[in-house]
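Engineer: with the sequence up front, the predicted model follows.
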Amino acid sequence: MPRKRRKISLKIPKKFRYKKQEVESLVINLAKERKSSSVIGAILKKEYGIPDIKTITGKTIMQIMKENNLYPELPEDMMNMLRKAVNLRAHLERNRADKHSLRGLEILESKIRRISKYYIEKKVLPKNWKYSPEEAKLIVQK
C-alpha cells in the first residue's frame, strides 16, 4: 500500500515567532561565521524551527548571502568536490596501489571540469579558470 505524502505548507503561520528581518539577520550572522548555505539551512531548521527561508523572506539563503557580500567566491558544490579531490589525492599518495580510489579520482575530476564549464558559462567563475590539483589544494587550505 503506497504511503501518503504530507504536503508542506508554503504559507507562513500567523503565530510565527520570527519576522523577515530577524530571519535575514540570522542568515547573515551564520554566514559571517563562515558557514555554508546548506549548513545555515540545517541550523535554522533544527535550532530555530524555520523550515523554509524562502517562504518567509522571499529570498533564498544564497541570495541573502550575495546581497551582503558573504557568498564565497566558489560555489558550495564546487568547493565540496575540490575538498574531496584533495583528500583523495592525499589518500593516493599514501596508498599507491588503490586502483578503485584512482578511478574515483578520475571521475571526480571529470565532474569538476564539467561543472566548471557550466559556472564559466553562467559567469560565476572567470573565463580563464582551470582546474589543477595544485590550485585546488591551495583553495581548500584557505
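Structural biologist: Everything's here; your move.
Engineer: going forward, measure contacts and count neighbours with C-alpha atoms only.
Structural biologist: Fine.
Engineer: low-confidence ranges in the chain?
Structural biologist: Counting by pLDDT under 70, the low-confidence segments of the chain come to 1-15.
Engineer: could you list the domains of this structure?
Structural biologist: 20-67, 76-141 (automatic domain parsing).
Engineer: export those domains to TSV and tack on mean neighbour count?
Structural biologist: Output for the domains of the chain, formatted as TSV (neighbours: other Cα atoms under 10 Å):
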stretch	mean neighbour count
domain 20-67	16
domain 76-141	14
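Engineer: who's in contact with the longest helix anywhere in the chain?
Structural biologist: Identified as the longest helix of the chain according to DSSP state H is helix 99-121. For helix 99-121, contacts defined as Cα atoms under 8 Å, 6 or more residues apart in numbering pick out 78, 81-82, 85, 88-89, 92, 125-127, 129-131.
Engineer: what packs against whichever helix or strand comes after that helix?
Structural biologist: Note on helix 99-121: by DSSP states H and E, the next helix or strand toward the C-terminus is helix 133-141. Judged by 3 or more Cα pairs under 8 Å, 6 or more residues apart in numbering; DSSP states H and E, helix 133-141 is in contact with helix 76-94.
Engineer: so what's the residue nearest the centre of the chain up against?
Structural biologist: Nearest to the mean C-alpha position of the chain, by Cα atoms, centre = their mean, lies Glu76 at 3.0 Å. For Glu76, the contacting residues are Ser36, Ser37, by Cα under 8 Å, 6+ apart.
Engineer: quick one on the thing from earlier: next, the angle from the longest helix of the chain to helix 133-141.
Structural biologist: 80 degrees (axes from the mean of the first three to the mean of the last three Cα atoms, to 10 degrees).
Engineer: okay, the angle between helix 99-121 and helix 76-94?
Structural biologist: Using the same axes, to 10 degrees: helix 99-121 against helix 76-94 is 150 degrees.
Engineer: quick revisit: so which of the contacts of helix 99-121 is the closest to Val140?
Structural biologist: Distance to Val140, by Cα to Cα, is smallest for Leu82 among the contacts of helix 99-121, at 7.0 Å.
Engineer: any idea how far that closest one is from Lys127?
Structural biologist: 18 Å (Cα to Cα, to the nearest Å).
Engineer: swap in Ala42?
Structural biologist: 33 Å.
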